[in-house]
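Participant: Here is my input; please provide its structure:
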Amino acid sequence: MSRPFIRNLTFQSNDLSKEATIMLALINGNLKGPLRGLLPDSLEGQHIREDGRATYTNQLAFSKTQVVNGNVISAGTCVKINPPQAGTSGVLQAVNKTGAVQDLAVGFLNKGDLMPTPALYFNEVGDESSVKAQFTPILRVYITSDFQETAILRGAIDTPAIWTQDLAALAENTTWNLKHDTATGRYTVVQA
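Facilitator: Below is the predicted model:
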């Protein structure tokens, strides 16, 4: 994991022929493991008719997480993940040393927030058990109508991503145009 960084993305849609809901997610196409499948609150599903702004902070944290009826409701306590001194690049590991089974998550800790927004969820991690997460900040954009912001994704997203970017490769501030082709029904995202 690299040093923490911030990416500010602006999504704009000039004369979009209809309202669209975009879901921004840091997941791979094969979805391995139950994910909350989204980003910090500022990057969650957005209804786009005009401009939508999103901020990504590359400060991660492990947390004890509460889930009710398949929805993440809060993070109880957390530990920031600092850049590793040794180990495999992009692989994060935590060991549950609480003396009890815990629900854990890896999440994003935005500047000024006390608790992270959970992104990758691990349920019922036993005492002295470890969890690993491979993390590369690849952002995908989906057009979807059946997305609830706090829901845990337990399977692949049924629609293909319309845009994929490595956030580490982007400038700190970028603007993107969401376009809709009325003839084909396809959406695209291109840099402004």
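Participant: do you know how far Lys132 is from Arg186?
Facilitator: For Lys132, the distance to Arg186 equals 37 Å [Cβ to Cβ, to the nearest Å]. Any C-beta I mention is one placed from the backbone N, CA and C, and that applies to glycine too.
Participant: try Ser13
Facilitator: On the measure of Cβ to Cβ, Ser13 and Arg186 end up 14 Å apart.
Participant: Name the residue in these two with the higher neighbour count.
Facilitator: Shown here are Ser13 and Arg186; by other Cβ atoms under 10 Å, Ser13 has more neighbours (21 against 11).
Participant: thinking the more buried one is in contact with Tyr187, fair?
Facilitator: No. Using Cβ atoms under 8 Å as the test, Ser13 is too far from Tyr187 to be in contact (9.4 Å).
Participant: what is in contact with the two at once?
Facilitator: By the contact definition Cβ atoms under 8 Å, 6 or more residues apart in numbering, Ser13 and Tyr187 are jointly contacted by Ala20, Leu178, Lys179, His180.
Participant: Next, give me the two most distant ones among these.
Facilitator: Ala20 and Lys179 (10.3 Å; Cβ to Cβ).
Participant: which residues are in contact with both of the two?
Facilitator: Common neighbours of Ala20 and Lys179, using Cβ under 8 Å, 6+ apart, are Ser13, Tyr187.
Participant: Flag the helix or strand of this structure with the lowest per-element mean pLDDT.
Facilitator: strand 46-48 (a mean of 41; mean pLDDT, DSSP states H and E).
Participant: buried residues in the helix or strand just after that strand?
Facilitator: Tracing the chain past strand 46-48, the next element assigned as helix or strand by DSSP states H and E is strand 52-57. By 16 or more other Cβ atoms under 10 Å, the buried positions in strand 52-57 come out as Gly52, Ala54, Thr55, Tyr56, Thr57.
Participant: Strands of this structure, start to end?
Facilitator: Under the criterion DSSP state E, the chain contains strands at 6-12, 20-25, 46-48, 52-57, 60-68, 71-80, 91-95, 102-108, 117-125, 130-134, 138-143, 163-166, 173-180, 187-191.
Participant: Kindly state which of those strands is positioned closest to Ile157.
Facilitator: With Cβ to Cβ as the yardstick, what comes closest out of those is strand 138-143 (5.6 Å).
Participant: now the angle from the closest one to strand 20-25?
Facilitator: Angle of strand 138-143 versus strand 20-25, following axes from the mean of the first three to the mean of the last three Cα atoms, to 10 degrees, is 160 degrees.
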